[in-house]
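>>> coords below, sequence missing:
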């Protein structure tokens, strides 16, 4: 195939004459001659489009995906079913090519989509106000921590439980170190937040407390008990919630959360080798002005027609950076749109069914594993779809045995929690069949 070049030789000559150069090389005069490449790059010969597609396909087939292996991995990203209509909607040009809706009168469709997304996040979490454009759960949680500091004022410390996802804790720590605030970890007992340690660390300098629900190990902690201690100290409770679990568990608002964050990947977004996805952040109405990111509001125009606008416009991209509540200037709205379509398709009953199916299948596998010699549940607390297994065998050997049977068997915990080198974590979603669960058991029974 003849290569496509956008400009003819004559057009390039005209462009060079216009800017006063005689050759393309003159464009690089600012680069010292001594560091310029003199010879041709060691590249393959040009390929046709047909050849390139074949090469890329062969490369992609080297990856192992959840289409090839049965997935029991979790730890923040989950293999839930994604209805095919989501891709059909996302790939429409009016959504797929849209960027930040600065010009409201030209962006009504996307603004409405974001407004509807915010509404669903509020209904899901029991909060009053949601924003859009959060990158992921880790950065959303860091932003929520900053919000507690801004709301309470003159307080410089935030507590975070060790049962919060370790990667989230690392990101929050990075944010706080750069801003010269204090981040203090609360110890854990039996896989749950240590309430005695929480009580000991609460003081007049604590602006907020961050916990996860269900926590990193899948355990459903008593958030009301945590919230009572936090609010008695005039601090704010930040709850990082799993959105799928809210199909069957009490929402954060009911449990006393002041702010709610979470990872939106499970809501219609593929695992995608780690991204992209989106985080969500919602809060009580009185904290709205401290919220970063974009907030879309509904109004009427001068003719009385319904319309949508970006509200509270004194936000990051419009004011001096040092005065901004944050510096979120990208847009995760396409991923948030996937969540909106997912929640719209499933509705309350559908989301509840996904949650209940995941719950029941996880407990079936939990009970079967507890009957295998050399394996037992690490913790006894109530859990949702994820649980920790302790083994007498080498964890790497166990996971490798599962991998040899085309099973992505779980998440080794030793790197994040040195005291759990003998344990790994298993996640079960509604996609897993009884045959897959039983095969998992058979492989564990054969581990030497």
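In hand now; what should we look at? No experiment lies behind these values; they were computed from the predicted model shown.

>>> tell me the domain ranges of the chain?
With automatic domain parsing as the criterion, the domains of the chain are listed as 9-52, 70-81+349-445, 84-342.

>>> can I get these in TSV with distance to residue 61?
The way it works is simple: take the backbone N, C-alpha and C, and place the C-beta from them, glycine included. As requested, the domains of the chain are exported to TSV (distance: least, Cβ to Cβ, whole Å):
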stretch	distance to residue 61
domain 9-52	15
domain 70-81+349-445	15
domain 84-342	14
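
>>> confirm that residue 346 sits in a helix.
Yes - Residue 346: assigned to a helix according to DSSP: H, G, I helix; E, B strand; the rest coil.

>>> what about it, distance to residue 332?
21 Å (Cβ to Cβ, to the nearest Å).

>>> the two: which is more packed in?
Between residue 346 and residue 332, residue 332 has the larger neighbour count (other Cβ atoms under 10 Å), namely 24 against 17.

>>> packing partners for the lowest-mean-pLDDT helix or strand in the chain?
Sorting the helices and strands of the chain by mean pLDDT, DSSP states H and E puts helix 93-96 at the bottom, at a mean of 87. Judged by 3 or more Cβ pairs under 8 Å, 6 or more residues apart in numbering; DSSP states H and E, helix 93-96 is in contact with helix 108-125, helix 333-369.

>>> could you rerun that using 7 Å?
Contacts defined by 3 or more Cβ pairs under 7 Å, 6 or more residues apart in numbering; DSSP states H and E place helix 93-96 against helix 333-369.

>>> the helix or strand that the helix it packs on is followed by pairs with which strands, parallel or anti?
Using DSSP states H and E, the helix or strand that follows helix 333-369 in sequence is strand 375-377. The pairing partners recorded for strand 375-377 under DSSP bridges are strand 386-391 (antiparallel).

>>> okay, the angle between the strand it pairs with and helix 333-369?
Angle, strand 386-391 to helix 333-369, by axes from the mean of the first three to the mean of the last three Cα atoms, to 10 degrees: 40 degrees.

>>> which residues are in contact with strand 386-391?
The contact list for strand 386-391, computed with Cβ atoms under 7 Å, 6 or more residues apart in numbering, reads 74, 191, 217-218, 362, 366, 369, 374-379, 398, 413, 422-427.

>>> just give the closest residue to residue 186, not the sequence neighbours.
residue 161 (4.6 Å; Cβ to Cβ, 6 or more residues apart in numbering).

>>> for residue 233, see how far away that neighbour is.
Using Cβ to Cβ, which is the criterion applied here, residue 161 is 15 Å from residue 233.

>>> out of these two, which sits in the busier spot?
The neighbour count for residue 161 versus residue 233, taken as other Cβ under 10 Å, is higher for residue 161 (24 against 17).

>>> quick one, helices of the stretch 101-250 of the chain?
Listed in chain order, the helices found in the stretch 101-250 of the chain under DSSP state H, counting those that start in this stretch are 108-125, 137-152, 166-179, 195-201, 223-232.

>>> among those, which is the most enclosed?
Most buried of the helices of the stretch 101-250 of the chain, by mean neighbour count (mean count of other Cβ atoms under 10 Å): helix 137-152, with a mean of 24.

>>> just checking, what packs against it?
Checked by 3+ Cβ pairs under 7 Å, 6+ apart, helix 137-152 has strand 157-161, helix 166-179, strand 206-213, strand 236-241, strand 259-263, strand 279-283 packed alongside it.
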